[in-house]
Structures are given as structure tokens and as C-alpha cells.
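**Q** Predicted coordinates and the sequence they were generated for:
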Amino acid sequence: MTQEITTTRSNALIDPVLHVWHAEVAVYLFLGGMVAGLMVITGLWVLRPAEASRSRALGLVPWAAPLLLSIGMFVLWLDLEHPFNAFRFYLAFRPTSPMSWGAWILLAIYPASVLLAWTTTPADVRGAVARRFPLGRYVERIGGWALQRARTVAIANVVLGAALGIYTGVLLGTLQARPLWNSAVLGPLFLVSGLSTGAAFMLLYRLDARERIVLGRADMGLILVELALVAIWLIGLGTGGSAARAAAGVLLGGPYTAAFWALVVVLGLLVPFTGEWLERRHGAVPGRFAAVLVLIGGLALRWIIVYAGQYAGWVSDLALR
């Protein structure tokens, strides 16, 4: 016996699309990717042979990583159905669960990023903090331990930052029910995008000319890699099964096409790359305009992927019927 049910209801964000993840998730993925970029870039900077020559602003910028991560985790906490049960993530470790990996990676990032920030902070600032902080002698002792192992701390930040950047993409890529997300390319794409937004965020600080030129050139290369990964991701969807092709159609002629190509590809990648290329060609020090566009594009990438991926799940279901 077969039963057929017909419904005429239409509730926003429920029918015909079931949105489980909202804007908070997109903001968290953006901030998490940017923190990953900051950790990797500042860690590699410390490992450079010429690390000693560093501007005051570059020495202080690593403190942004734990601060931005805290904001991102708070935003994500607001999205939880039962936020006060979040501590249960740390009562177990499930090797097959991306969320379990992510929870423990985030926990490890705090001490690593704070220790790196302390090692790069100018000596006069460290001294002032140690004198005024109520537990200053313990801070100075822990900070001295980190200073003696600055390279080890930097390597830990590079490794954990890369893990965080990849995790933000793997978190989506392992969800097979969402064809737009179910791609192995999302992990590398989100990592490269996080590195690019991390470099762009650093360019907002008052770095010296040499540091800005290095970051500008690095960002140009990252943008090219990101464009290549976006192309591979879309080609993979377009040449996949019917569900994958239907999901790709959401960005290639569907309701998210204009936003994706205008905000992510053109405004967030092509325009900043062109601006940075012109700056390099004319020997100019990279400014902040291109960096702001990269940040806008990085947020738009995650925002659109989060929402389009959930919309594409419904579209692909129709394609399979």
C-alpha cells in the first residue's frame, strides 16, 4: 500500500530547503581559516633566517589569532542547539569524527598561538606585562621557556594552523548528503583561502615596506592557487554523477551564480590579484584596498558554500527522482 502526502505549506528556511547551518557557521569558518593563515604565516616568519629584523606591528599581530578564534568559537557556540552541552566534545575523542578532531585541534591552538605571540612580542612590552600582571613571575617563567624554544613553538603553530585550515573544509567535505560539499578539494581550498585571508589581515597592520612586499607577493601566489582549486572543484562536480551535476548547477546558472562569481571570483580574487600585480609592476608598496577585498571574498566564499550546499541538497534530491 502506497501513501501520497501533499503539502502546501511554505515556511522560510524550512520548505523547500532545510537549512540546518546558518550564518554563524559561515562566520566561524571564515575566522577559523583566517586564524589558520595567521598561525602558519607568522610561524614561517619566525623560522626565516632573517627573523630578527621584524617590525613592531608584525611582532604584535600574532595576538590576533587567539582573539579571532575566541570570537569565532563564540559565534559557533551561539549556533548550537544545546550550547551548554558543548563541553561533552572534550569528554571523548572519536577518530572517525571530523568534529571531534576539530574540537581537540581548537583546544591545542590556544596555548600554541599564545606562546608564539609572546615570543614575537617586543621585549619592552613583555617586560611591562610581566611587571603589571598579578602572576607576572609565572608569566615571565613560561614566556622564558617559550623564548628558548621559539622555533619549536613556531613549528607547532605551522602544523596546527594547517590542520585547522584543512579541518574547516573537511568538516563540510565529509557530509555525503550534500553533493556541493562532498569533495576532497574543499580541505585544500579552505586552507589556501585561509592563508590568503591571513596574509590580507596582516596587511591591514602598519608593517614596514619590506614585510608588506613579501606578504603581497605571497598573497598573489595564494590567489592563483585558490583560483585553480575553485576550477578543479567545479570541474569535479560538473563531471560527477547526476547529484553532483545538479549541485554544480546551483553555482553555474542557479540562484547562487551571480553572488559566487561576483563576490568570490571577481571581487575577492581577480580584482585583488590585478591590484597586487599592478603594485608589484610599478614598484609600489602593497596597500590595504586589495587586502580588504580578499577578506570580503573569503567571507563570501564560505557564506555562499554553506548556504548553497544546503540548497543544492534539495535540488539534487529532485534530480534523482
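**A** Nice, thanks for sending it over.
**Q** Which parts of the stretch 1-150 of the chain are strands?
**A** Remark: no strands are assigned in the stretch 1-150 of the chain by DSSP state E, counting those that start in this stretch.
**Q** what residue ranges in it score low on pLDDT?
**A** Applying pLDDT under 70 to the stretch 1-150 of the chain flags the ranges 1-19, 50-52, 135-136.
**Q** repeat for the stretch 151-300 of the chain
**A** Using pLDDT under 70, nothing in the stretch 151-300 of the chain is flagged.
**Q** Which helix runs longest in this protein?
**A** In the chain, taking DSSP state H as the definition, the longest helix is helix 289-320.
**Q** Tell me which other helices or strands it touches.
**A** The elements that helix 289-320 packs onto, with contact taken as 3 or more C-beta pairs under 8 Å, 6 or more residues apart in numbering; DSSP states H and E, are helix 23-47, helix 150-173, helix 186-203, helix 209-238, helix 242-251, helix 271-281. (C-beta placed from N, C-alpha, C; glycine too.)
**Q** Report the inter-axis angle for it versus helix 242-251.
**A** 140 degrees (axes from the mean of the first three to the mean of the last three C-alpha atoms, to 10 degrees).
**Q** from the middle of its chain, how far away would helix 289-320 be?
**A** Here helix 289-320 is found 14 Å from its chain centre; the criterion is C-alpha atoms, centre = their mean, to the nearest Å.
**Q** And for stretch 164-173?
**A** Offset of stretch 164-173 from its chain centre (C-alpha atoms, centre = their mean): 9 Å.
**Q** tell me the contacts of residue 66?
**A** Residues near residue 66 by C-beta atoms under 8 Å, 6 or more residues apart in numbering: 109-110, 113-114, 117.
**Q** repeat that with 10 Å
**A** With contact set as C-beta atoms under 10 Å, 6 or more residues apart in numbering, residue 66 has these partners: 35, 38-39, 109-114, 116-117.
**Q** Need the nearest residue in space to it, chain neighbours excluded.
**A** Of all residues not flanking residue 66 in the chain, residue 113 sits nearest, at 4.8 Å (C-beta to C-beta, 6 or more residues apart in numbering).
**Q** ditto for residue 293
**A** Leaving aside its sequence neighbours, residue 293 sits nearest to residue 272 (C-beta to C-beta, 6+ apart; 4.6 Å).
**Q** gap between that neighbour and residue 105?
**A** As for residue 272, its distance to residue 105 is 29 Å (criterion: C-beta to C-beta, to the nearest Å).
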